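>>> A structural model of the following input is requested.
(2 chains)
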Amino acid sequence: MPEISRADVEHLSALAHIAMTDEELDKMTGELGVIVDSVKSVQEAAADEVPATSHPVELRNVFRRDEVGHVFTAEESLANAPDAQDGRFKVPAIMDGE
Amino acid sequence: MSDLITLTAAQMAAKLAAGEISSVELTQAHLDRIAAVDGEINAFLHVNADEALETAAEVDRLRAAGGAQADALHPLAGVPVAVKDLIVTRGQPTTSGSKMLEGWMSPYDATVVTKIRQAKLPILGKTNLDEFAMGSSTEHSAYGPTRNPWDTSRIPGGSGGGSAAAVAAFEAPLALGTDTGGSIRQPAAVTGTVGTKPTYGSVSRYGAIAMASSLDQIGPAARTVEDAALLHELIAGHDPKDSTSLPEPVPGFGTAAGNHEVAGMRIGVIKQLQGTGYQDAVLARFQESLELLRSAGAQIVEVDCPSFEYALGAYYLIMSSEASSNMARFDGVRYGQRVLPDQPPVTIERVMGATRAAGFGEEVKRRIILGTYALSAGYYDAYYGSAQKIRTLIQRDFEAAFASADVLISPTSPTVAFPLGEKLQDPMAMYLNDIATIPANLAGIPAISVPGGLAEGLPVGVQFLAPARGDAEVYHAGRALEKLLNDDAGTPVWAQVPDMEVAK
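A predicted model of the protein is given here:
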């Protein structure tokens, strides 16, 4: 596995939508390197024939009747919104520009 | 300090039912205790005094009136409880210990909270935790660390340090926690209390703010095994709102916790969960517990779980991958903080970046970045895929171990409570606290931590594990050790906690 570079962490922080300062990127690069080194041993033991487990207990699809249950009012849904207008969430501009 | 608060929850319930005490009196005694000691302990992020006293008064009124409504009261009605601030509650803020959700008011109750309201347990308030339950010391809370009642210069464990410290310091007889890699059990171990991680699906997760969905589980914190079992019994059961909740009826955990006979019980000592990395004093107390169990007729055998070597690595890959996905919901649009970037343009991308930079603490950011890395194209098979295979191997190890043992046993935590700040700058050292608790989450099986005595005045925890759906067995084994140790020492561990009010 390649070492984790500062540029990698910068890319990851963009993917994860977390703005980071230069100092934070430096610190995170060092820490992530140590953590990844410690956890990569999982590859040694993960032989091809071992099936993957995604969930601790066996899962089946769970269905319910197609009936309207409890529904929040618009007021309840918007009660914690950072910004709202006309009974809707108000979102910052999606695109840069006018 | 009122004598009422040092009773067990079961004793409180019996006195309430007999009319010897009122719930208002009992609830007020706990609120007084919170007022006296929580300035120092910082177990509570919010105290819910008015509503708790209203619920208490209602229980007292129903009891006094008698008749069918009084008879129908839940046995724990009127016994106060605290709720970890990761679990959503109407009428009280839910912060997850994060600035991201400062002041956030949930429009709904978690299913466990609904059950607690129906049973009429006064809710004392919301307890402190590592931000979004990510941590092993409660130092990653955005609202300051919780302090260990046994020594306030030390950590109370985490992430549920608030719930464990509240129970240890007699601020609450019962509390709810959540356990993703040990967040109920490790705090129980280092505070001299009891904590259970139920079988995955035993308790509904609806309303627990998700960290790692295939590992998270709500469970009880208390001072005694019986109290933990009674609270577990109350919150357990199928919930259509959680598609992973088990459909089977809830067994009588309280009854199981009444059984302390271990003659003939096969107890498997996990070879991999001892030795290097475990403090000598922790191992010494563990050996003494084994001796007591053996002398009571239990059959102690050794079991080999070779894949546990890889459990910590697999856990941190799976947990951070799932956490990075779950944390994506905090986008500054529908709820939570919104922070605008210093410079234009003010686009949604940049608002998200600024919001998440300001709203999340260091550990949450670390796990999101690690999870984003583990799930990236090109690395997915090597990391996340490999970790999922380890999960299979760990389940197989448990399966083999349970062929020769009814329950398994290990120290809960490799160390006693360490000083605040000691591991804060070393993430790997912090992660190692969970080395013995993580395998149960990966396999979905139940596990309990019970006090195993003291080492230089600080509590040591002993963990029992049982096969999936065998929660009753961990209460049975836990109760057996609890009784043996209490008889041996002449007093329970929790009763030896320094009295903070006198100490002042």
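
>>> what about the stretch 201-350 of chain B, any weak spots by pLDDT?
Filtered on pLDDT under 70, the stretch 201-350 of chain B yields no residues whatsoever.

>>> interface residues of it facing chain A?
Contact residues, the stretch 201-350 of chain B versus chain A (C-beta under 8 Å from any C-beta of the partner chain): B:201, B:214-215, B:240, B:243-244, B:246, B:307, B:309-310, B:312-314, B:316-317, B:324, B:328, B:331-338, B:340-341, B:345-350. Quick note: C-beta positions are derived from backbone N, CA and C, even for glycine.

>>> who's in contact with the residue most central in space within chain A?
For chain A, the residue sitting closest to the mean C-alpha position, by C-alpha atoms, centre = their mean, is A:A16 at 6.5 Å. Contacts were defined as C-beta atoms under 8 Å, 6 or more residues apart in numbering or on different chains; by that measure A:A16 touches B:S324, B:R356, B:I368, B:I369, B:T372.

>>> mind checking the SS state of the second one?
If I follow you right, that is B:R356. Classification of B:R356 using DSSP: H, G, I helix; E, B strand; the rest coil returns helix.

>>> And the first one, by the same measure?
Using three-state DSSP, the secondary structure recorded for B:S324 is helix.

>>> Need the nearest residue in space to it, chain neighbours excluded.
Distances taken as C-beta to C-beta, 6 or more residues apart in numbering or on different chains place B:G371 nearest to B:S324, at 2.9 Å, with adjacent residues excluded.

>>> Over to B:G452. Which of the three states is it?
strand.

>>> Is it in contact with B:G461, as I believe?
Yes: between B:G452 and B:G461 there is a contact under C-beta atoms under 8 Å: 5.9 Å.

>>> Can you tell me how far B:D426 is from B:L458?
21 Å (C-beta to C-beta, to the nearest Å).

>>> the more surrounded of those two?
Neighbour count, other C-beta atoms under 10 Å in any protein chain shown: between B:D426 and B:L458, B:L458 has more, with 19 against 12.

>>> now that one: how far from B:L370?
Taken as C-beta to C-beta, the span from B:L458 to B:L370 is 31 Å.

>>> Next: B:D85.
In terms of C-beta to C-beta, B:D85 sits 24 Å off from B:L370.

>>> for B:Y143, same thing?
Counting by C-beta to C-beta, the gap from B:Y143 to B:L370 is 24 Å.

>>> Do me a favour and average the pLDDT over stretch A:44-58.
Averaging pLDDT along stretch A:44-58 yields 88.

>>> I misspoke; the intended subject was stretch B:93-103.
98.

>>> Pick out the residue in chain A sitting closest to chain B.
The minimum distance from chain A to chain B, using C-beta to the nearest C-beta, falls at A:P56 (2.4 Å).

>>> Quick check: phi and psi at the closest residue to that residue other than its chain neighbours.
Spatially, and ignoring its direct neighbours in sequence, A:P56 is nearest to B:G444 (2.4 Å; C-beta to C-beta, 6+ apart). With angles defined as degrees, to the nearest 10, B:G444 shows backbone torsions of phi 80, psi 10.

>>> now swap in the one 5 residues further on and tell me
Main-chain dihedrals, B:S449, degrees, to the nearest 10: phi -110, psi 130.

>>> Can you read off the pLDDT for the residue in the stretch 301-450 of chain B positioned nearest to chain A?
Residue nearest to chain A within the stretch 301-450 of chain B (C-beta to the nearest C-beta): B:G444, separated by 2.4 Å. On the pLDDT scale, B:G444 is placed at 97.

>>> For it, grab the count of nearby residues.
For B:G444, the count of nearby residues is 26 (other C-beta under 10 Å).

>>> And the helices in chain A?
A:6-15, A:22-39, A:42-45, A:74-78 (DSSP state H).

>>> got the buried residues for the last one?
Just to be clear, that refers to helix A:74-78. Residues A:S77, A:L78 are the ones in helix A:74-78 that count as buried (16 or more other C-beta atoms under 10 Å in any protein chain shown).

>>> Restricting the selection to alpha carbons, write that helix to PDB.
The C-alpha trace of helix A:74-78 is given here as PDB (Å, rounded to 0.1, in the frame of the first residue of the first chain):
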ATOM      1  CA  ALA A  74     -43.700  21.200   7.800                       C
ATOM      2  CA  GLU A  75     -43.300  23.300  10.900                       C
ATOM      3  CA  GLU A  76     -41.800  20.400  12.900                       C
ATOM      4  CA  SER A  77     -39.500  19.500  10.000                       C
ATOM      5  CA  LEU A  78     -38.200  23.100   9.700                       C
END
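
>>> what sits against B:F360?
Neighbour list for B:F360: A:I18, B:S98, B:K99, B:M100, B:E131, B:M327, B:F330, B:I368 [criterion: C-beta under 8 Å, 6+ apart].
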